[in-house]
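S.K.: Got a sequence here, can you build the structure:
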Amino acid sequence: MRIIFIIFLCIFSQTLFAKKLLILGDSLSAAYGMNYEQGWPHLLQQDTQWQLINASISGETTAGAAARLPALLQQHQPDAVLIELGGNDGLRGFPLAPIKENLNSIINLVQQHKAQPILMQMRIPPNYGPRYGKSFAKIYPELAQQHNIVLWPFFMEQIATDKSLMLADGIHPNAEAQPKIKDIMLKLIDEL
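M.R.: Purely as a prediction, here's the structure:
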C-alpha cells in the first residue's frame, strides 16, 4: 500500500509541478479538419514532460489572439507561450505594420506575465507576390532580435512540399502529417 502511495505521489507531483506551455496558434495547431486527438499538440503531450495547453483556434488572427491572451495568461499561468500566428493575417493580405504591432503586443504581454515567449517563423504561399511574402517573413526574425527571444523554424517547411501530407486545400497538414510535426516540435521543446 505504501509503495502505491509513493508512486501516486510521484506521478501527482510531476503533473502538479510540470512546466506549462501555452500554444497560441491558428488552424495549423488546432487540428483543422480532423479529430483533436490526431493533432500534433495532443500527440506531443504524450512525449513531453511539459503540460501543453492548446489555445489555438482555426482562423485566428494576431489581433484576435492579442485580445484573448490576457484571459489565457490569467487562467493558465504558463511558463512559456508558443506564438504560432500571422498566417491568417498574411493570407488575407493584411497590412504588415498591424501584424507586427499585434505580435509585438503579444510578446510584451507574455513577458509582463513572467513567461517565456517563443515565436514561430511563419510564411505564406508565394502567390501573394515576392515583395509581400519576403516582408511578411522578415517580421519574425526582427521581433525575435528586438526582444531577444527564441525563434523556432516554421514546422510546415518540411511538410508543405509533400502533397501526401496536405489536405486538398494545399494549406493545412492532414492527419498523416501530424506525427511528423510532433517529432519536429519535440526536438524544439526539448531544447527549452
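
S.K.: Dihedrals phi and psi, the most centrally placed residue in the chain?
M.R.: When C-alpha atoms, centre = their mean is applied to the chain, the residue found nearest the centroid is Glu84 (3.8 Å). Dihedral pair for Glu84: phi -110, psi 80, per degrees, to the nearest 10.

S.K.: Looks like it contacts Ile118 (just checking).
M.R.: No. Judged on C-beta atoms under 8 Å, Glu84 makes no contact with Ile118 at a distance of 9.0 Å. In this view, the C-beta of every residue, glycine as well, is placed from N, C-alpha and C.

S.K.: hang on, the earlier thing: for the residue nearest to the centre of the chain, what are its contacts?
M.R.: The contact partners of Glu84, by C-beta atoms under 8 Å, 6 or more residues apart in numbering, come to Ile23, Leu24, Gly25, Asp26, Leu28, Ser29, Ser56, Met120, Met122.

S.K.: ok, and the most crowded of those residues?
M.R.: Leu24 (29 neighbours; other C-beta atoms under 10 Å).

S.K.: Doesn't that residue belong to a helix?
M.R.: No. Counting by DSSP: H, G, I helix; E, B strand; the rest coil, one finds Leu24 to be strand, located in no helix.

S.K.: Quick one: residues contacting it.
M.R.: Ala55, Ser56, Ala65, Leu69, Leu72, Val81, Leu82, Ile83, Glu84, Leu85, Ile106.

S.K.: Now do the same contact list for the closest residue to the last one other than its chain neighbours.
M.R.: It stands for Ile106. The spatial neighbour of Ile106 that comes closest, neighbours along the chain excluded (C-beta to C-beta, 6 or more residues apart in numbering), is Ala66 at 5.3 Å. By C-beta under 8 Å, 6+ apart, the contact list for Ala66 reads Asn102, Ser105, Ile106, Leu109.

S.K.: Can you show me the helices along this structure?
M.R.: Remark: helices assigned in the chain by DSSP state H are 2-16, 40-45, 62-76, 87-91, 96-112, 130-147, 178-190.

S.K.: mind checking how far the third one is from the chain centre?
M.R.: Yep, that's helix 62-76 we're talking about. Distance of helix 62-76 from its chain centroid, counting by C-alpha atoms, centre = their mean, to the nearest Å, is 14 Å.

S.K.: Which of the residues in it are classified as buried?
M.R.: Thr62, Ala63, Gly64, Ala65, Ala66, Leu69, Leu72, Leu73, His76 (16 or more other C-beta atoms under 10 Å).

S.K.: All good on my end, thank you.
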